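*Asks:* Sequence plus the predicted model coming up.
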Amino acid sequence: MSKDVERDKKCGIRLQNALNECRVEQKEMAADLHYAPTYISDLCTGKRHISEKAAKKFADYLSKKHEPQTSISFVSFFSPNDQKKLAIDGYSS
């Protein structure tokens, strides 16, 4: 399995875990954010790559759906190595 495919699967698992934690269904987030449900499903299963822009949008959305004292950073959807790269680019978790 290539590194990109493996990374996408791990990002998808993190996204699905965040959805579960916030008690939000894929189709609910898709409708609220104007994405196709199949796109969200493909992200969660690792069939598609999650972009930084989409990750930010999902994190903002899920932070609003989650308990008020907890925020979700878009960086959390990425692997630790990718998080380091993002930190270098000025993003933080």
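*Replies:* Right, received. Where do you want to start? Residues are numbered from 1 along each chain as shown.
*Asks:* who's in contact with residue 47?
*Replies:* Counting by CB atoms under 8 Å, 6 or more residues apart in numbering, residue 47 touches 8, 12. For every residue, glycine as well, the C-beta is placed using N, CA and C.
*Asks:* quick one: it from residue 63, how far?
*Replies:* The spacing between residue 47 and residue 63, counted by CB to CB, to the nearest Å, is 25 Å.
*Asks:* What of residue 8?
*Replies:* If you measure residue 8 against residue 63 using CB to CB, the figure is 23 Å.
*Asks:* what packs against the host helix or strand of residue 14?
*Replies:* Counting by DSSP states H and E, the element that carries residue 14 is helix 3-21. Using 3 or more CB pairs under 8 Å, 6 or more residues apart in numbering; DSSP states H and E as the contact criterion, the secondary-structure elements in contact with helix 3-21 are helix 26-33, helix 37-44, helix 52-65.
*Asks:* quick check: angle from that helix to helix 26-33?
*Replies:* 90 degrees (axes from the mean of the first three to the mean of the last three CA atoms, to 10 degrees).
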